[in-house]
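Undergrad: What shape does this take:
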Amino acid sequence: MRFQTPLVPARLMRRYKRFLADMELSDGRTVTAHCPNPGAMTGLAEPGARCWLEPTDAPDRKLKFGWRLVEHETGHFTGVDTSVPNRVLRAALEARQVEALKPYTRVRAEVKYGQGSRIDFLLTGDGLADCYVEVKSVTLSRMPGLAEFPDTPTARGAKHLHELSAMATEGHRAVMLFLVQRTDAGAVTVAADIDPAYAAALAKARRAGVGVMALGAGITPEGITVGAPLPFRPPA
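TA: Model (predicted):
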């Protein structure tokens, strides 16, 4: 996925009301950008952080910049837009670029299932059990090389795991897929100290037959793509 408009660098001044961030552009102007991430953004929203913004001149947009990336001092990038994983993963699934899911030839997004929920992707293929794929964006990292989910308690995430478990019990294939939007991560785990209920729900889901997958991402100011598989490490 290429960004529609070339990104511009900025420095974060402050993030507030979850969805707003004041930024200083390289020419000294101060602008307010939309922050497309409702999470805690631990380690990503410190004043002075180098960020990349996507400008827009769409007349229906009140805010003319969207926050897309954080560039770390190490040169690595983190994507902060929680809508990106579904977009880049859909393209990869349709192109059959995700090796573990390559046999599936048809991809449907946002299909109703469970108790009033929608699955991110329902994959089907001739002679194959239907595959229900739930996607989570992972941006937290508190230890070098290790990404963690979630960064804040998520009752909704636990509900999705219960519904995936039900699909697995019915004989379908069910997959919890973590897309890690960090170029400095070599593995992913569950932040059990942040959300013990989610950690317990994931452990129960795995016992019910839900598979866990993790994929990295290629991230630059030009765009974001699905990367190589990453190992999942269950919490101790």
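Undergrad: any idea how far the residue nearest in space to the middle of the chain is from residue 162?
TA: Central residue of the chain (C-alpha atoms, centre = their mean): residue 137, 1.6 Å from the mean position. As defined by C-beta to C-beta, to the nearest Å, residue 137 lies at a distance of 20 Å from residue 162. Any C-beta I mention is one placed from the backbone N, CA and C, and that applies to glycine too.
Undergrad: Stretch 185-202 - what's its average pLDDT?
TA: Stretch 185-202 carries an average pLDDT of 98.
Undergrad: Mind listing what's buried along that stretch?
TA: Going by neighbour count (16 or more other C-beta atoms under 10 Å), the buried part of stretch 185-202 is 185, 187-192, 194-195, 198-199, 201-202.
Undergrad: For those residues, work out which two are farthest apart.
TA: 185 and 201 (22.5 Å; C-beta to C-beta).
Undergrad: which one's the longest helix in the chain?
TA: Longest helix in the chain, counting residues (DSSP state H): helix 155-169.
Undergrad: Pull the residues that contact the following helix or strand past that helix.
TA: Per DSSP states H and E, helix 155-169 leads on to strand 173-180 as the next helix or strand towards the C-terminus. Strand 173-180 has contacts (C-beta atoms under 8 Å, 6 or more residues apart in numbering) with 85, 88-89, 101, 128-138, 147, 149, 161, 164-165, 167-168, 188, 202, 205, 209-217, 226, 230, 232.
Undergrad: Strand 173-180: partners in the sheet, and parallel or antiparallel?
TA: Its sheet considered, strand 173-180 pairs with strand 131-138 (parallel), strand 211-220 (parallel) by DSSP bridges.
Undergrad: How confident was the prediction at residue 61?
TA: Value for residue 61, per-residue pLDDT: 81.
Undergrad: For residue 132, give its distance to residue 123.
TA: With distances taken as C-beta to C-beta, residue 132 is found 8 Å from residue 123.
Undergrad: who's more crowded, these two?
TA: Neighbour count, other C-beta atoms under 10 Å: between residue 132 and residue 123, residue 132 has more, with 26 against 22.
Undergrad: Now do the same contact list for the more buried one.
TA: 113, 119, 121-122, 164, 167, 172-175.
Undergrad: mind running it again at 10 Å?
TA: By C-beta atoms under 10 Å, 6 or more residues apart in numbering, the contact set of residue 132 is 111, 113-114, 119-123, 160, 163-164, 166-168, 170, 172-176, 210.
Undergrad: Equivalent analysis for residue 189, please.
TA: If you count contacts by C-beta under 10 Å, 6+ apart, residue 189 has them with 138, 143, 146-149, 178, 199, 214, 231-236.
Undergrad: Look at it and tell me its secondary structure.
TA: Under DSSP: H, G, I helix; E, B strand; the rest coil, residue 189 falls in the strand class.
Undergrad: That one - nearest residue in space that isn't next to it in sequence?
TA: residue 233 (4.4 Å; C-beta to C-beta, 6 or more residues apart in numbering).
Undergrad: Repeat that for residue 14.
TA: Nearest non-adjacent residue to residue 14, counting by C-beta to C-beta, 6+ apart: residue 22, 5.2 Å away.
Undergrad: Doesn't that neighbour belong to a strand?
TA: Yes: assessed with three-state DSSP, residue 22 lies in a strand.
Undergrad: burial of it, as a residue count?
TA: Neighbours of residue 22 under the rule other C-beta under 10 Å: 16.
Undergrad: Tell me how far residue 15 lies from residue 55.
TA: Distance of residue 15 to residue 55, given as C-beta to C-beta: 19 Å.
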